[in-house]
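Colleague: Just need the structure, nothing else, for what follows:
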Amino acid sequence: MNQNYNIWGTKVWTGKLVMLITLLIATGFCVALGIHLRDYTGRDIYRYLNWDIFLGWVPIGLALCIDVLVKLRQSWIKNILVIGAGIVWLLFYPNSVYLVTDTLHPFVHFEVPSGQRFLFHLEFWYHLFLFFVAAILGLGLGTYSLSSIQQLVSERYGVVRSWIFAHIVLILSSIGIYIGRFIRWNSWNAITHPKSIWKDVIDIVTDPVQLHFMFVFTAMIWVISLIGYFMMRGGMFMTRRG
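Modeller: Model prediction:
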């Protein structure tokens, strides 16, 4: 089977385009639902979700740049650009799946009327559905960019090594999400404040209570990321055998 074709019998770039359009539609829906929720409640809430979604898109932009760079004529400049873009991609990749952790916000910001159950309030479901869609979007954004990079790794180093690469990225991403959610460091801080981040990580791993919390949390995020990756990757990027 021609390696340029995926499990649906369509070209790989077609699958990428279909998924890209789907992610754009989901992004538009999230933004629109957030606007509606602010109008519905009369509260200026969740504007930061737009920024989180933008950061979730950054790895896709970098993955597309790498797609272009690897097609350039072989040279040392090309190698430097690909490696540099790859490192930046890895630093920003956790921002995609980070959107899953934003699902905590409805339980923080929804104001339950006294003596009533939140379950029967339509507003609560607006809150919950907004972040549920954002979480699915985050898994999709992460799947798209990692699948794209994994495909390049597979072409150069083989399928087995590409899957090892993908698992390592998901593990590192889960740790990065923990650092972003609880220590509140951003991707670019790995460049601007590397010593401070390293100090915070050392403080965590030397504290049994924090280390246990980090281990359980990152393990759960890793499982969610892995399940989402397998489910969403599907026929969009997998090649058919035979």
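Colleague: from here on, contacts and neighbour counts on C-alpha atoms
Modeller: Fine.
Colleague: Low-confidence bits of the protein, can you list those?
Modeller: The chain contains residues with pLDDT under 70 at 1-13, 113-116, 234-242.
Colleague: other SSEs contacting the lengthiest helix in the chain?
Modeller: Counting residues, the longest helix found in the chain (DSSP state H) is helix 122-157. If you count contacts as 3 or more CA pairs under 8 Å, 6 or more residues apart in numbering; DSSP states H and E, helix 122-157 packs onto helix 12-41, helix 48-69, helix 94-97, helix 106-109, helix 159-178, helix 208-237.
Colleague: Just put the ones you listed in CSV and tack on distance to Phe129 and mean neighbour count.
Modeller: Formatted as CSV, those follow (distance: least, CA to CA, whole Å; neighbours: other CA atoms under 10 Å):
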stretch, distance to Phe129, mean neighbour count
helix 12-41, 9, 16
helix 48-69, 13, 18
helix 94-97, 17, 29
helix 106-109, 9, 13
helix 159-178, 22, 19
helix 208-237, 18, 17
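Colleague: out of those, nearest to Ile83?
Modeller: helix 48-69 (9.1 Å; CA to CA).
Colleague: CA atoms only for that closest one - export them in PDB, please.
Modeller: Coordinates of each C-alpha in helix 48-69 appear next as PDB, following Å, rounded to 0.1, in the frame of the first residue of the first chain:
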ATOM      1  CA  TYR A  48      -8.900  33.700  29.400                       C
ATOM      2  CA  LEU A  49     -10.200  30.500  27.700                       C
ATOM      3  CA  ASN A  50      -9.700  32.200  24.300                       C
ATOM      4  CA  TRP A  51      -6.000  32.700  25.200                       C
ATOM      5  CA  ASP A  52      -5.700  29.100  26.400                       C
ATOM      6  CA  ILE A  53      -7.200  27.900  23.000                       C
ATOM      7  CA  PHE A  54      -4.800  30.200  21.100                       C
ATOM      8  CA  LEU A  55      -1.900  28.600  23.000                       C
ATOM      9  CA  GLY A  56      -3.300  25.200  22.200                       C
ATOM     10  CA  TRP A  57      -3.100  26.100  18.500                       C
ATOM     11  CA  VAL A  58       0.500  27.100  18.600                       C
ATOM     12  CA  PRO A  59       1.900  23.500  18.400                       C
ATOM     13  CA  ILE A  60      -0.200  23.000  15.200                       C
ATOM     14  CA  GLY A  61       1.300  26.100  13.700                       C
ATOM     15  CA  LEU A  62       4.800  24.900  14.600                       C
ATOM     16  CA  ALA A  63       4.100  21.300  13.300                       C
ATOM     17  CA  LEU A  64       3.000  22.800  10.000                       C
ATOM     18  CA  CYS A  65       6.200  24.900   9.800                       C
ATOM     19  CA  ILE A  66       8.200  21.700  10.500                       C
ATOM     20  CA  ASP A  67       6.300  20.000   7.700                       C
ATOM     21  CA  VAL A  68       7.500  22.700   5.300                       C
ATOM     22  CA  LEU A  69      11.100  22.800   6.700                       C
END
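Colleague: Alright, I will stop here.
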